[in-house]
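>>> below are the sequence and a predicted model for it; my questions follow.
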Amino acid sequence: MKTPLLYAFEVCLCCGVLLGLYRWLFECRVPFRACRIYLLAAVAVSALIPALHIPVYPAAPVVFPSVAGQAGPQWEGIAGFFESAATVSAAEPIRTPGWPDMLSDALLVAYAVAVFVLVVLFAMRLAAIARLRRQARLTRFRDFVLAEHAAVRTPFSFLRTVYLGEGFDGSRRSIVLRHETSHVRHRHSVERVAMEAMLCVLWFNPFAWVAARRLREVQEWEADRDVLDAGCDLTDYRTTLFSQLFGCNPDMTCGLSHSFTKKRFLMMTRNKWGRFAGWRLAAALP
């Protein structure tokens, strides 16, 4: 039977290989939607592959002719051998657990405690977002619900609700709503929740955290592309991003302040936006 440590090592190994394939074959080469699906699937598949049990069938058994009624001295000796072996096996003392077994049990307990803590924190974040929505002023539109509250430091979206604070008017408000409604339309927060749920179970896998960061990055690229394709001025959009740089969003939500990197600005300055992000851009980055 596979030990927990061996399983954890294989999970990390599989996830690392899948992320390497993403970096070499998918990132900036395929549509954003394909990147998002791949990253979610990579984390899930990396946990499933090591758990698979592939049976190896033994060779065909050798059938001996029946010796009923033909027992002779030679068969009596063989029967006595098996009887003595069974007696010795039954008389063996019960093996007391050693330090490897105790270490394995301690690691399992630590893993369970960590999962419990992460699940509680995950539920608390969901409850905080639900409480904020109840306290906010809601305005219903055809594709989303706008929740406005002074406690929202930086705009973000979760499921079909866009959360907006004070001080957003004119073109700035339009830019923010276009960005956040893009997240709503592509159902990015559903993917964030799925990734967060997997991280609660696979917290020991460093590559899973890298995949979550890559997912946020791809989602922001997609929302940026939608805003600029709608005719937004690049300088105005950059200014809005800078003004939201020091905002704070829950990790599972989508917002302007997420994934604020040099690569994201370079993605905006491409001359042509399409379904594919340029591979030359990724190759030029450190």
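All right, it came through fine.
>>> how about R216, phi and psi?
phi -60, psi -40 (degrees, to the nearest 10).
>>> how about V43, what does it touch?
V43 makes contact with 15, 195, 198, 202, 205, 208, 211-212, according to C-beta atoms under 8 Å, 6 or more residues apart in numbering. All C-beta spots, glycine's among them, are computed from the backbone N, C-alpha and C.
>>> and which of those residues is nearest H188?
Of all those, M195 has the smallest distance to H188: 10.4 Å, by C-beta to C-beta.
>>> hmm, C200 is touching V120, no?
No - with contact defined as C-beta atoms under 8 Å, C200 and V120 do not form a contacting pair (9.6 Å).
>>> higher neighbour count, these two?
For C200 and V120, the more surrounded residue by other C-beta atoms under 10 Å is C200, and the numbers stand at 17 against 11.
>>> mind checking the SS state of that one?
helix (DSSP: H, G, I helix; E, B strand; the rest coil).
>>> ok, so what distance separates it from A123?
Distance, C200 to A123, by C-beta to C-beta, to the nearest Å: 10 Å.
>>> shared neighbours of the two, which are they?
Residues touching both C200 and A123 (C-beta under 8 Å, 6+ apart): there are none.
>>> contacts only, for V227.
The contact partners of V227, by C-beta under 8 Å, 6+ apart, come to 175, 178-179, 182, 237.
>>> 10 Å instead, please
174-182, 234, 237, 240, 256, 268 (C-beta atoms under 10 Å, 6 or more residues apart in numbering).
>>> buried subset of these?
Among these, those classed as buried by neighbour count (16 or more other C-beta atoms under 10 Å) are 174-182, 237, 240, 256, 268.
>>> dump these to TSV, plus secondary structure.
As requested, the buried ones among the contacts of V227 are exported to TSV (three-state DSSP):
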residue	secondary structure
S174	helix
I175	helix
V176	helix
L177	helix
R178	helix
H179	helix
E180	helix
T181	helix
S182	helix
Y237	helix
T240	helix
L256	coil
M268	helix
